[in-house]
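Asks: how does the following fold in three dimensions:
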Amino acid sequence: MPQSADRRYGPAPLPQPRGPVSGALLTALRQAPHDLPADLGNRLDPTDPLTGEDLQLTLFLCYELHYRGWEGVDDDWEWQPSLLALRAYAEGLFEAAVRALVGPPPAVLPSGVPAALADVVAADDGPSLAGYLQRRATLAQFREFATHRSVYHLREADPHSWVLPRLGGPAKAALVEIQMDEYGNGRLERMHAELFRTTLGRLGLDTDYGAHLDVVPAITLATNNLMSLFGLHRRLRGAVLGHLAAYEMTSSLPNRRYGNALRRLGFDEVATRFYDEHVEADAVHEQIAAYDMCGGLTRVEPGLAGDVLFGAAAALAVDRLFAAHVFDAWSAGHTSLRTPSGVAVEPTAPEGSAPDLAVAAA
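Replies: Have a look, this model is predicted:
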């Protein structure tokens, strides 16, 4: 079984269970690959697939086998048929919930996809964590925010890279251009994941890959599972490009605000470099993603226009749920993180620091 010599880069230790299915899967993963019970997926609670702790952790456990794997887990689990069947069942619940959340995409011609993406972004009316963090957040709250985001940022770009071999022509060239920046153009110290690791360190947080899985809630896992769902299915290649386009088109201003938040809190340019890098890079990526990548895809495969718009809408909708979760927790004066048995979470922010939603929306 593989063991990690350097946990900065994975594989991560297995997390704690969050219900009967994730618990049974974790027990199985500690053993040699074998058939899981055929009815295991039926034990998942189908009532709220987007925020169900057991379902989202089960999906994350399955998906991570395609990324860095899990410490002490046999790599042959990645393609074990009964595990894939469990994943497919959980994915069906998750995807159906996401489609119900966003509704059907508008009908557009391939040439209208870039403009339609801009409309999707403009219509997003979720609470602005960036605005609140820039103006009002305490250090404890920014550390919480970084803890949530560590799940994605420590493997930034990887979920979207799954689609590269499924593309050809202009869309592939455009995606490669974006991803090269994400991966630091081949320089370790410029990789966005590495820059974020530095920010985590400056914040006094654990910088190991997967270090914060036990304290992030289901909605945080869902934002990550959505990328994996799109990236690992060829039929959803349009959706993963739409997802990436939405991220690139909504990134520059929020990252400026995150960097300013850290400066307000007294941090130096080393701590803010991750966010500052995104301000410039994503202003360029926005145009490449909308016109060259998504526009290029739908010129070649016009039938994927709806999938592109669905992916963008889904990215924004699930992120809205995440932001609402954080604001709700902070407004109530408690942490937005989980406190599972044996895991210490920093106390909630001091009195008087609850978010002002009018300020946050600015």
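
Asks: neighbouring contacts of the strand or helix carrying Leu117?
Replies: Using DSSP states H and E, Leu117 falls within helix 113-122. Helix 113-122 is contacted from outside by 106, 108, 242, 245-246, 249-250, 290-291, 294-295, 298, 305, 308-309, 312-313, 316, using Cβ atoms under 8 Å, 6 or more residues apart in numbering. For every residue, glycine as well, the C-beta is placed using N, CA and C.

Asks: ok, then the element right after that helix?
Replies: Going down the chain from helix 113-122, the next helix or strand is helix 129-135, by DSSP H and E.

Asks: same for that next one, what does it pack against?
Replies: Counting contacts by 3 or more Cβ pairs under 8 Å, 6 or more residues apart in numbering; DSSP states H and E, helix 129-135 packs against helix 139-153, helix 252-264, helix 305-331, helix 357-361.

Asks: mean neighbour count added to those, as TSV?
Replies: TSV is the format used below for those (neighbours: other Cβ atoms under 10 Å):
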stretch	mean neighbour count
helix 139-153	21
helix 252-264	20
helix 305-331	22
helix 357-361	14
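
Asks: point to the residue nearest the middle of this structure.
Replies: Asn224 (3.1 Å; Cα atoms, centre = their mean).

Asks: now the helix or strand harbouring that residue against helix 305-331, angle please.
Replies: Using DSSP H and E, Asn224 sits in helix 218-231. Helix 218-231 runs at 170 degrees relative to helix 305-331, counting by axes from the mean of the first three to the mean of the last three Cα atoms, to 10 degrees.

Asks: does anything pack onto helix 218-231? Which helices or strands?
Replies: Secondary elements touching helix 218-231 (3+ Cβ pairs under 8 Å, 6+ apart): helix 53-64, helix 81-102, helix 139-153, helix 158-161, helix 237-249, helix 305-331.

Asks: so which of those comes closest to Ala271?
Replies: When the helices and strands packed on helix 218-231 are compared for distance to Ala271 using Cβ to Cβ, the nearest one is helix 139-153, at 10.3 Å.

Asks: can I get that closest one as CSV, trimmed to CA atoms?
Replies: C-alpha atoms of helix 139-153 as CSV (Å, rounded to 0.1, in the frame of the first residue of the first chain):
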residue,chain,number,x,y,z
LEU,A,139,-8.3,37.2,11.1
ALA,A,140,-10.2,34.2,12.5
GLN,A,141,-12.8,34.5,9.8
PHE,A,142,-10.2,34.8,7.0
ARG,A,143,-8.5,31.7,8.3
GLU,A,144,-11.8,29.9,8.2
PHE,A,145,-12.3,31.0,4.6
ALA,A,146,-8.8,29.8,3.6
THR,A,147,-9.5,26.5,5.4
HIS,A,148,-12.6,25.9,3.2
ARG,A,149,-10.8,26.9,0.0
SER,A,150,-7.7,24.7,0.8
VAL,A,151,-9.5,21.6,-0.5
TYR,A,152,-9.6,23.1,-4.0
HIS,A,153,-6.6,25.4,-4.0
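
Asks: for that helix, packing partners?
Replies: Under the contact rule (3+ Cβ pairs under 8 Å, 6+ apart), helix 139-153 is packed against helix 129-135, helix 192-202, helix 218-231, helix 305-331.
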